[in-house]
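Visitor: requesting a structural model of the entry that follows:
(one chain, ligands or ions: 1)
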Amino acid sequence: MASSSLINSELARSPPAIPMPTPPLTNFKIGLCQLSVTSDKTKNIAHARTAIQNAAAQGAKLVLLPEIWNSPYSNASFPVYAEDIDAGGDASPSTAMLSELSRLLNITIVGGSIPERSGDRLYNTCCVFGTDGKLKAKHRKIHLFDIDIPGKITFIESETLTAGETPTIVDTEVGRIGIGICYDIRFPELAMIYAARGAHLLCYPGAFNMTTGPLHWELLQRARATDNQFGEVLATTEHEEAIIIAEIDYSILEQRRTNLPVTKQRRGDLYQLVDLQRLNSH
Ligand SMILES: NC(=O)CCC(=O)C(=O)O
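Guide: Okay, the predicted model is just below:
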């Protein structure tokens with residue numbers, strides 16, 4: 001009884017959804033870079049640089065990279081390839097390249113993710129750079145990929161990595177963006193919190209495995225988009241390296257939400273999503 005009344009009073013204080021702001025660009029091209037990775041970090045950085053330049057040359061104002069694009073995806077590699085992002089410069093050649101290109105090309109970059117070293121900890125971290133080349137946000141993967149499917153795949157990210165502690169939402173030239181990294185997409189509450197905080201776009205750089213991934217990677221993206229009212233696939237590709245360019249038009253969001261007004265029809269008297277970070281800062 002005591003715990004149920006505590007929950008009820010917390011919910012009663014739950015802040016209302018935040019409307020989406022109007023960003024400088026509401027209509028723009030997005031470029032998604034799917035890259036293969038080698039064991040040579042310098043080559044990986046050069047390769048990502050070329051892909052970003054290529055996407056920007058095709059008109060993309062927002063360019064995305066995949067998860068762990070500067071290093072092989074293994075617990076043995078993470079400590080070796082990790083960079084001190086906060087120190088910047090020579091301590092983080094991967095993010096130095098992202099910063100340089102976002103400024104030179106006047107684009108926003110959601111820089112996939114790289115292994116980050118911070119003190120004696122390692123994180124799987126996505127950096128977002130604005131058109132001025134400044135680091136606007138850093139998302140540390142919140143849900144680490146720890147799975148053990150006998151005979152198929154065992155991968156325990158938490159053997160080397162520490163989980164991030166905060167959802168990440170960032171205002172950019174191309175809208176308010178909520179960030180997750182790969183496995184984070186399997187947790188719908190995170191996406192719903194971003195939508196409630198007025199996100200236009202959710203970006204999940206990924207590197208799915210071939211056991212649990214193929215059945216779900218598109219389904220999960222459509223599910224998170226549908227939960228929050230979109231869900232149409234605008235562009236896609238197969239397994240090879242590719243740069244996908246697609247048009248984003250935010251006016252469609254308003255139209256879809258007007259046509260199917262589920263946000264207004266939610267039964268807040270029966271259930272609610274609690275955004276603890278917002279609740280605690282309120
Ligand atoms: N890198 C990851 O988080 C892998 C997630 C994955 O493969 C999945 O099925 O989920």
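Visitor: ok, K264 - how many residues close by?
Guide: 7 (other CB atoms under 10 Å). Heads up, the C-betas are built off the backbone N, CA and C, glycines and all.
Visitor: assumed it was part of a helix.
Guide: Yes - the assignment for K264 is a helix, going by DSSP: H, G, I helix; E, B strand; the rest coil.
Visitor: ok, now how distant is it from the ligand?
Guide: Going from K264 to the ligand by CB to the nearest ligand atom, to the nearest Å gives 32 Å.
Visitor: how about the closest residue to the ligand within the stretch 1-150 of the chain, phi and psi?
Guide: Closest approach between the stretch 1-150 of the chain and the ligand, counting by CB to the nearest ligand atom: F145, at 3.7 Å. Dihedral pair for F145: phi -90, psi 90, per degrees, to the nearest 10.
Visitor: now it: how far from T26?
Guide: Distance of F145 to T26, computed by CB to CB, to the nearest Å: 34 Å.
Visitor: now do M20
Guide: 10 Å.
Visitor: S77 too?
Guide: Taking CB to CB, one finds S77 at 40 Å from T26.
Visitor: S281 now?
Guide: 28 Å.
Visitor: so who does N124 touch?
Guide: 67-68, 78, 113, 115-116, 140-141, 144, 157, 161, 181 (CB atoms under 8 Å, 6 or more residues apart in numbering).
Visitor: returning to that earlier point: the more surrounded of S281 and T26?
Guide: T26 (15 against 8).
Visitor: how many neighbours does I252 have?
Guide: 14.
Visitor: which non-adjacent residue is nearest it?
Guide: F230 (7.5 Å; CB to CB, 6 or more residues apart in numbering).
Visitor: got it, and L98?
Guide: G111 (4.4 Å).
Visitor: and the pLDDT at the one you found?
Guide: The model reports G111 with a pLDDT of 98.
Visitor: so it sits against C126, correct?
Guide: Yes - counting by CB atoms under 8 Å, G111 does reach C126; the two are 6.3 Å apart.
Visitor: give me the neighbour count for Q221.
Guide: With other CB under 10 Å as criterion, Q221 counts 17.
Visitor: report all helices and strands that the helix or strand where it lies contacts.
Guide: In this structure, Q221 sits in helix 217-227 according to DSSP states H and E. Judged by 3 or more CB pairs under 8 Å, 6 or more residues apart in numbering; DSSP states H and E, the packing partners of helix 217-227 are helix 188-196.
Visitor: cool, thanks, talk later.
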